[in-house]
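1. Show me the folded form of this:
(one chain, ligands or ions: 2)
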Amino acid sequence: MSEPQATHLKDYLPPAYRVTHTELKFDLAPSATTVTARLHVERHPEREAGLPLRFAGDKLSLVRIAVDGQTLEADEYEVDDEGLTIPSVPERFLLDTEVSIDPAANTALEGLYVSSGMFCTQCEPQGFRRITFYPDRPDVMATFSTTVVGDKTEAPVLLSNGNPVESGELPGGRHFVTWEDPHPKPSYLFALVAGKLEKVEDRFTTMSGRDVTLQIWVEPENLDKTDHAMASLKRAMRWDEETYGREYDLDRFMIVAVNDFNMGAMENKGLNIFNSAAVLTHPQTATDAAFQSVEGIVAHEYFHNWSGNRVTCRDWFQLSLKEGFTVFRDQSFSADINSAPVKRIEDVSFFRTAQFAEDAGPTAHPVRPDHYIEISNFYTLTIYEKGAEIVRMLRHLLGWETFRQGSDLYFARFDGQAVTIEDFVDCMAEVSGLDLSQFMRWYSQAGTPEIDAHGEYDYAKCEYHLRLSQRTPPTPGQAEKQPLHIPVRMGLVGTKSGNDMALTLDGESLGHETVLHLRDTEQTYVFTGIDEAPTPSLLRGFSAPVYLRYPYSREELSFLLTHDADDFNRWDAGQRLTMLALDDLIAAHRNGVEKVMDSRVIDAYRRLLTTETDDKAVLAEMLTLPSEAYIAEQQPMVDVDAIHAARVFVKQSLATALRDEFLAMHEAHRSDEPYAPEPDQIARRRVKNVALEYLMSIEDEEGVALAEAQVDAEDNMTDVRAALTMLVHSSRSDIAEPALKAFGEKWAHDPLVMNQWFTIQVTRPQEDVLERVKYLMAHPLFSLKNPNKVRALIGAFAAQNRVNFHRLDGEGYRLLADVVIELNRLNPEIAARIITPLTRWQRFDEQRQALMKAELERIRAEELSPNVFEMVERALA
Ligand code: ARG
Ligand code: ZN
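-> Residues are numbered from 1 along each chain as shown. Ligands and ions are numbered 1, 2, ... in the order given. The predicted structure is shown next:
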């Protein structure tokens, strides 16, 4: 087998031939589906005449092929592993093909496959080539007409993109529906679903008064789990009209829930296909976090209808054009309908944990990569989340009104086209008059920029000098970096008043908060008229995706924790304060010295617990300790055991010192209201469960009794899951085991709940967990073929159970590598994702490095899919 080859951005050329209209007919059968295609093909006007035609195709058996009705002879075309070549074709012609495919054998879940007895598709990025021979690239946009033929009992429902135009009965117990999608689209937005599905229906009237039918299609047993997704969809549709002026453009919008799905969901035109975990909710089966994630994903996919579908990507290097913008849009939506500061805190703490790690590791890549082997490997936190941070910076650089004008211009100018990131940024530059050329480096430079900040107060002159310097560390393939244009939102907090001081810079008065534009390697800002020593509050709201260092004292952090006007920075000050304490404790653990808790952290927590606050959601965030993964990101070398021990020590010290306060906090946030996934209630439950978690960390008798009672809560999974997790992760197996057993029996019929049951068990920090992981992998309800189960069990173990995954006997690594090797054959995309923790070996001690590398080498010795090959090559490079 030859080594997979890389594709380069610099080699982009328009296709030699494009398709303007696509007619498809599917004759569905699980193991032998016939796909008949009639493609209206023409030479691309920008390419020369006489080029051979080359269409992609993967695992297709060709039955028939004709050009303008003439069947081709065997020597007139060629089919290889990657597609079809016809050396000579007319300028404009009809291409007819008939292929046979095997959806039942498709465990990769790309193209057409069978999930729980139903047919469904996933075509982004390159799944359509597993359906028919096609120029399977996003810059080829065609109108589609799709006829789906299926068995009336096995597949009573037959769906595709657009509007149904014809349907009828066929001999042999079969029937058909023809769908027409009038909007030209790339093949990656094609979708088909067929099976025994039932729907929940609603309506939406658009801003111009058009009536849209909304449908959510699910398996019959899930009909009671669609309310929240439907409500979220309607809110998202309204929000996009009000916020971006974007209206829906078809008569119907459909969502389908499928059980086997590689990602969260997919924005196929008019027919979004969702991982059931990203759409189904019920108070008794889904946690608050799941409700909020469904809300965000439903909105995300809906927003793609404009940012992605109406205006799409020229090539896959531009993936962040649609994903970064759409993530920014869904984050803004969730912020608007929930607590904005909390949404920001959640997004940033996830970003600084997971994206920072990616950007610092061997698979670091720019938001617009310049080459890839397997594009499926680039659906990353960098493309999505860092891409969203870049759009957010643009929004702040331009101001909302101007940014919105830029967005309007972008949609108007490029509607129906496949475009580039420059096209987007150019619109923003045009409406604002800003020079964004330096800003564009955010798209081409990988790595997290580091800002070092230094402040000095000059009493005599009443001046405050703030010096900022920036540096982006080298990343694979990019040794040298150039300075970026970094917006630093900041204020100076008066040490006596606790208020933001008036800012004057170069004689210009700027109000109480400003955005500094750091463009050089080093810049000094002199604020005048500062009549008392200030504490700087920098990078408010995380105004740029950078690592900020400032030598804050613990006193300054305690001060900001109370006084910073920016909620986000108040939270961040608390995190930094706790991090300083954790650093000391990690060092103490490593050196075998007695651990002593910093009393300033206890005081800060006491203040949080005893000061009345309206914003319970922010309070819950403030009370939450940084995760082990986040702490690890802050260390030069990761010592998993010391981090775990230090964090447990902080939790227990706080619980011991503030036991009564936590109990009171728990008590004050209980409620008898019937469950609703509303922000206020969600915040109360969070505060209550965070408080209980502290109490459970010392296995306080009252805490244990509260948790034991809460496990039986009838009305919501949030409380049940929180309590069950605390018990299972404690030493009280006398209570935990019967509770786990009862839970497992009660929910054996519901895969999404059983996935939570897996996760709760494999994240248990105790040493015996590896046996449990292996036992659960053999459980009848577990299957490597279902990505949700793989994530719930293997993914959760490797990412959230750091002490056990990184065991010094290497058993955790071996287990993951075994899974990667098996998944490499079954589902390469999932294999290449689940391998991630092993690729981060550089961050650990030598012994672990050697063990991790040995497992990577063992994987490399296999016959690998391009997906896993690329990940392993980059990890070992
Ligand atoms: N465009 C989808 C979304 O972000 C993700 C599809 C990714 N598919 C894949 N096979 N990697 O909403
Ligand atoms: Zn997306």
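
2. Count the neighbours of Arg814 for me.
-> 16 (other Cβ atoms under 10 Å). C-beta here means a position set from N, CA and C on the backbone, and glycine is covered the same way.

3. Need the pLDDT of it.
-> We note a pLDDT of 98 for Arg814 in this prediction.

4. wait, is it part of a strand?
-> No: assessed with DSSP: H, G, I helix; E, B strand; the rest coil, Arg814 is helix; it does not lie in a strand.

5. In three-state terms, label the nearest residue to it once chain neighbours are set aside for me.
-> Of all residues beyond its chain neighbours, the one nearest Arg814 is Glu855 (6.3 Å), with distances taken as Cβ to Cβ, 6 or more residues apart in numbering. Glu855 falls in the helix class when you classify it by three-state DSSP.

6. Most proximal residue of the stretch 351-500 of the chain with respect to ligand 2?
-> Distance from ligand 2 to each residue of the stretch 351-500 of the chain (Cβ to the ion) is smallest for Tyr384, at 7.1 Å.

7. And what about that residue, helix, strand or coil?
-> Secondary structure state of Tyr384, per three-state DSSP, is helix.

8. wait, what's in contact with it?
-> Contact criterion Cβ atoms under 8 Å, 6 or more residues apart in numbering gives 320, 323-324, 327 as the residues in contact with Tyr384.

9. Residues of this structure that sit close to ligand 2?
-> Proximity of the chain to ligand 2 is confined to 323, 326 under the rule Cβ under 5 Å from the ion.

10. how about a cut-off of 6 Å?
-> 300, 304, 323, 326 (Cβ under 6 Å from the ion).

11. ok, back up a step: drop anything exposed from the contacts of Tyr384.
-> 320, 323-324, 327 (16 or more other Cβ atoms under 10 Å).

12. nearest to Ile216, of those residues?
-> Within the buried ones among the contacts of Tyr384, proximity to Ile216 (Cβ to Cβ) peaks at Val327, which comes in at 22.8 Å.

13. give me every residue that touches the closest one.
-> So Val327 contacts 300, 384-385, 387-388 (Cβ under 8 Å, 6+ apart).

14. Quick check: it vs Ile297, distance?
-> As for Val327, its distance to Ile297 is 11 Å (criterion: Cβ to Cβ, to the nearest Å).

15. ditto for Arg791
-> Relative to Ile297, Arg791 is positioned 15 Å away (Cβ to Cβ).

16. For the two, indicate the residue with more neighbours.
-> Just comparing Arg791 and Ile297: by other Cβ under 10 Å the higher neighbour count belongs to Ile297, 22 against 18.

17. Ligand 1 contacts on the chain?
-> When proximity is defined by Cβ under 6 Å from any ligand atom, the chain lies next to ligand 1 at 122, 124, 262-263, 265-267, 300-301, 323, 376, 379, 829.

18. change it to 5 Å
-> If contact is defined as Cβ under 5 Å from any ligand atom, the residues of the chain in contact with ligand 1 are 124, 263, 376, 379.

19. now the residues of the chain next to ligand 2 in TSV, with pLDDT?
-> Output for these, formatted as TSV (pLDDT from 0 to 100):
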residue	pLDDT
His300	99
His304	99
Glu323	99
Thr326	99
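
20. Give me the subset of these lying in helices.
-> 300, 323, 326 (DSSP state H).

21. Closest to Met717 out of those residues?
-> Lowest distance from Met717 to those (Cβ to Cβ) belongs to His300, with 22.9 Å.

22. Give me the distance between Ala739 and Gln756.
-> Where Gln756 is concerned, Ala739 sits at a distance of 13 Å (Cβ to Cβ).

23. Same question for Leu816.
-> Using Cβ to Cβ, Leu816 is found at 21 Å from Gln756.

24. what's the answer for Arg471, then?
-> Shown here: Arg471 relative to Gln756, a distance of 43 Å by Cβ to Cβ.

25. Give me the longest helix you can find in this structure.
-> Taking DSSP H as the criterion, the chain has its longest helix at helix 567-591.

26. That one: how far from the chain's middle?
-> 27 Å (Cα atoms, centre = their mean, to the nearest Å).

27. Against which helices or strands is the helix or strand following it packed?
-> The helix or strand immediately downstream of helix 567-591 is helix 599-610, counting by DSSP states H and E. In terms of contact count using 3 or more Cβ pairs under 8 Å, 6 or more residues apart in numbering; DSSP states H and E, helix 599-610 is assigned the packing partners helix 554-563, helix 567-591, helix 616-623, helix 640-657, helix 659-668.

28. Give me whichever of those helices is most buried.
-> Most buried of those, by mean neighbour count (mean count of other Cβ atoms under 10 Å): helix 616-623, with a mean of 23.

29. Touching the helix or strand following that helix from outside, list them.
-> On the C-terminal side of helix 616-623, the closest following helix or strand by DSSP H and E is helix 628-633. Counting contacts by Cβ under 8 Å, 6+ apart, the residues outside helix 628-633 that touch it are 349, 352-354, 356-357, 360, 579, 582, 586, 638, 640, 643-644, 646-647, 799-800, 802, 843.

30. Touching, Ser115 and Asn262? I think so.
-> No: under the criterion of Cβ atoms under 8 Å, Ser115 lies out of contact with Asn262, with a separation of 11.0 Å.

31. who touches both of the two?
-> Counting by Cβ under 8 Å, 6+ apart, the residues touching both Ser115 and Asn262 are Leu109.

32. Just the closest of the contacts of Val327 to Pro90, please.
-> Here the nearest of these to Pro90, counting by Cβ to Cβ, is Gly387; it sits at 41.1 Å.

33. Quick one: list the elements packing against the one helix or strand that closest one maps to.
-> Gly387 belongs to helix 387-398 when assigned by DSSP H and E. Contact analysis of helix 387-398 by 3+ Cβ pairs under 8 Å, 6+ apart lists helix 319-337, helix 400-414, helix 421-432, helix 441-444, strand 486-494 as its packing neighbours.

34. redo that, cut-off 7 Å
-> helix 319-337, helix 400-414, helix 421-432, strand 486-494 (3 or more Cβ pairs under 7 Å, 6 or more residues apart in numbering; DSSP states H and E).

35. which residues does Glu556 contact?
-> For Glu556, the set of contacting residues under the criterion of Cβ atoms under 7 Å, 6 or more residues apart in numbering consists of Thr535.

36. no wait, Pro534
-> With contacts defined as Cβ under 7 Å, 6+ apart, Pro534 is in contact with 457, 464, 492-495, 501.

37. got a markdown table for those, with pLDDT too?
-> Compiled in a markdown table, the contacts of Pro534 are given as follows (pLDDT from 0 to 100):
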| residue | pLDDT |
| --- | --- |
| Tyr457 | 97 |
| Tyr464 | 98 |
| Leu492 | 98 |
| Val493 | 98 |
| Gly494 | 96 |
| Thr495 | 91 |
| Met501 | 98 |
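
38. Contact partners for Ile216?
-> Applying Cβ under 7 Å, 6+ apart, one finds that Ile216 lies in contact with 199-200, 226, 229-230, 255.

39. Let me know the closest of those residues to ligand 2.
-> Lowest distance from ligand 2 to these (Cβ to the ion) belongs to Ile255, with 14.5 Å.

40. From ligand 1, how far out is the closest one?
-> Separation of Ile255 from ligand 1 (Cβ to the nearest ligand atom, to the nearest Å): 13 Å.

41. Same check on Arg471?
-> From Arg471 across to ligand 1, the span is 32 Å (Cβ to the nearest ligand atom).

42. burial of that residue, as a residue count?
-> Look at Arg471: counted by other Cβ under 10 Å, it has 14 neighbours.

43. can you give me the strands for the stretch 251-400 of the chain?
-> In the stretch 251-400 of the chain, the strands defined using DSSP state E, counting those that start in this stretch lie at 252-258, 265-266, 271-275, 312-313, 371-372.

44. Out of those strands, the one nearest Trp571 is which?
-> Nearest to Trp571, of all these, is strand 265-266, at 29.6 Å by Cβ to Cβ.

45. Tell me which other helices or strands the closest one touches.
-> strand 271-275.

46. Just the mean pLDDT for the strand it packs on, thanks.
-> 98.
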